[in-house]
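> sequence isn't available, so here's the structure alone:
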């Protein structure tokens, strides 16, 4: 059933029907017990009354039952009465009583089947007058009385059932109005309208849906904003090297001096390297943004990974890279691909800012550190590092401002923390990675 309104209507109708049926069963059982108790009491009263009247007759043979029986109410007119002597002779009976003895019990209640009809009988024995009075009624009569009572209760209920169904249908529709209002509000919006749905006026049951929808709208807006930023900045960053490529190519074509041609070609190679690195970083950013699943973990040896990165990264002639034994021996439980992305971009960032000097990788417990001897970071720019395309005042010629953003994204996927600060007492920056688990 695809309609929520129909589903709620069916559930409420079924629940109402079950409660109604249970009430009918309960009323039937209770009414039957009450009716039997009342009718048994009336049997006792009628039998004792007939016995008291019959004891006043001096001669009973040939007489009919006392006229008082005919004067009883509507139910009592359905009673059957027999008066027997104690020696087994029928003295008198009512017009509807059978010829057979209603009960063989000397005194009290009993049930007996006569000609396929079950009777409920109360017997009163008067030994002083040699009489036994039996008053009984048919059990089918009692069942009919209970059935008439239930019919009297069910008939109004059946007449009310359509009104109850209409009331439930209207109530369900009224209860679902907040959802329809929310759907109408969202349907009337423009495609770029990411305003939050109002939650204050929504019912408590609908509020979690509205809050979850607001969270989704926030994430969609953030994704769109990131996409616009990446597109805008990528276009801006690619425009410069492409323009430089064209300019240097024109210079190489127009120049006749071999030194000028070689210089132009070197500039072309540098521009191509910068463009290649920028494209690779943009693809990495897009991959990390799109991959929402948790990265699988395994035991990763940091030493071989760092050695591969250091050997594959070009550096200036005056730059020395050292991997301390503590970093070579570090083993962490993490995702190798994300860790490699973070370490490569950290190392490239350190190489770009260190023209001459040392780059040192060290480890302490579950922390991995890299220190360079570059110009350092302006204090007012430390909090902005890691923002996409932010390069700062001490930018490198070939940087694009995406390296540290990739580091933060990659480390966030493996649950590691990243901090960057200036070194104490000397120039340069210090980057620190803290892993949640160390093996």
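Happy to help now that I have it. None of the values given here were measured: they were computed from a predicted structure.
> flag every buried residue along the host helix or strand of residue 162.
Here residue 162, judged by DSSP states H and E, is contained in helix 139-175. The neighbour-count check on helix 139-175 (16 or more other CB atoms under 10 Å) flags 139, 142, 145-146, 149, 168-169, 172 as buried. The way it works is simple: take the backbone N, C-alpha and C, and place the C-beta from them, glycine included.
> a markdown table please, covering the residues you listed and showing pLDDT.
Formatted as a markdown table, those follow (pLDDT from 0 to 100):
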| residue | pLDDT |
| --- | --- |
| 139 | 86 |
| 142 | 81 |
| 145 | 81 |
| 146 | 80 |
| 149 | 78 |
| 168 | 84 |
| 169 | 85 |
| 172 | 83 |
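> hang on, the earlier thing: helices and strands around the helix holding residue 162, which ones?
helix 4-54, strand 117-126 (3 or more CB pairs under 8 Å, 6 or more residues apart in numbering; DSSP states H and E).
> can we see that at 7 Å?
helix 4-54 (3 or more CB pairs under 7 Å, 6 or more residues apart in numbering; DSSP states H and E).
> for the helix it packs on, packing partners?
strand 117-126, strand 131-138, helix 139-175.
> okay, the angle between the last one and strand 131-138?
Right, helix 139-175. Interaxial angle, helix 139-175 versus strand 131-138 (axes from the mean of the first three to the mean of the last three CA atoms, to 10 degrees): 40 degrees.
> quick one, helix 139-175 and helix 4-54 angle?
Using the same axes, to 10 degrees: helix 139-175 against helix 4-54 is 150 degrees.
> helix 139-175: how far from the chain's middle?
What separates the centre of helix 139-175 from the centre of its chain is 37 Å, taken as CA atoms, centre = their mean, to the nearest Å.
> what's the answer for the second one, then?
If you compare the mean C-alpha spot of strand 131-138 with that of the full chain, they lie 68 Å apart, counting by CA atoms, centre = their mean.
> residue ranges in the chain under the pLDDT threshold?
1, 55-77, 226, 229-241, 277-278, 281-282, 284-295, 380, 382-403, 437-439 (pLDDT under 70).
> ranges for the strands of it?
Shown for the chain, the strands assigned by DSSP state E span residues 80-85, 90-93, 108-114, 117-126, 131-138, 298-301, 318-323, 331-334, 356-364, 367-371, 417-422, 429-434.
> relative to residue 268, which of those strands is closest?
The closest of these to residue 268 is strand 318-323. By CB to CB, the value is 24.2 Å.
> show me what the closest one is packed up against.
Using 3+ CB pairs under 7 Å, 6+ apart: strand 318-323 touches helix 302-312, strand 356-364.
> give me whichever of these is most buried.
Highest mean neighbour count of these: strand 356-364, a mean of 18 (counted as mean count of other CB atoms under 10 Å).
> who's in contact with that one?
306, 316, 318-324, 326-327, 330, 350-351, 369-373 (CB atoms under 7 Å, 6 or more residues apart in numbering).
> who does it pair with, and is each partner parallel or antiparallel?
strand 318-323 (parallel), strand 367-371 (antiparallel) (DSSP bridges).
> where exactly do the helices run in the stretch 151-300 of the chain?
For the stretch 151-300 of the chain, the helices defined by DSSP state H, counting those that start in this stretch occupy 177-187, 207-254, 258-290.
> one step back: and of the strands of the chain, who's closest to residue 196?
Evaluated with CB to CB, the strands of the chain place strand 417-422 nearest to residue 196, the distance being 30.6 Å.
> what's the angle between that closest one and strand 429-434?
Going by the same axes, to 10 degrees, strand 417-422 makes 160 degrees with strand 429-434.
> mind listing the strands strand 417-422 pairs with, and their directions?
strand 429-434 (antiparallel).
> please work out which of the strands of the chain is packed deepest.
strand 131-138 (a mean of 25).
> what's it packed up against?
helix 4-54, strand 80-85, strand 117-126.
> which residues touch the second one?
Taking contacts as CB under 7 Å, 6+ apart, the residues outside strand 80-85 that touch it are 50, 54, 60, 65, 69, 90-94, 96-97, 101-102, 130-137.
> and it with helix 4-54, angle?
30 degrees.
> partners of strand 80-85 in the sheet?
In the sheet, strand 80-85 lines up with strand 90-93 (antiparallel), strand 131-138 (antiparallel) (DSSP bridges).
> can you check the last one too?
Here the strand partners of strand 117-126, with direction, are listed using DSSP bridges: strand 108-114 (antiparallel), strand 131-138 (antiparallel).
> distance of residue 178 from residue 200?
Residue 178 sits 12 Å away from residue 200 when distances are taken as CB to CB, to the nearest Å.
> between these two, who's got more neighbours?
Neighbour count, other CB atoms under 10 Å: between residue 178 and residue 200, residue 178 has more, with 17 against 6.
> got a list of what that one touches?
Residue 178 is in contact with 202-203, 206, counting by CB under 7 Å, 6+ apart.
> related to what we said a few turns ago, and the strands paired with strand 80-85 as a markdown table, adding distance to residue 11?
Shown next, in a markdown table, are the strands paired with strand 80-85 (distance: least, CB to CB, whole Å):
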| stretch | distance to residue 11 |
| --- | --- |
| strand 90-93 | 59 |
| strand 131-138 | 44 |
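> can you say which of those strands is nearest to residue 116?
Per CB to CB, nearest to residue 116 of those: strand 131-138, 10.8 Å.
> if we look at the closest one, which residues are touching it?
39, 43, 46-47, 50-51, 54-55, 78-86, 102-103, 117, 119-125.
> apply 8 Å and report the result again.
Contact partners of strand 131-138, identified using CB atoms under 8 Å, 6 or more residues apart in numbering, comprise 39, 43, 46-47, 50-51, 54-55, 60, 78-86, 91, 101-103, 106, 112, 117-126.
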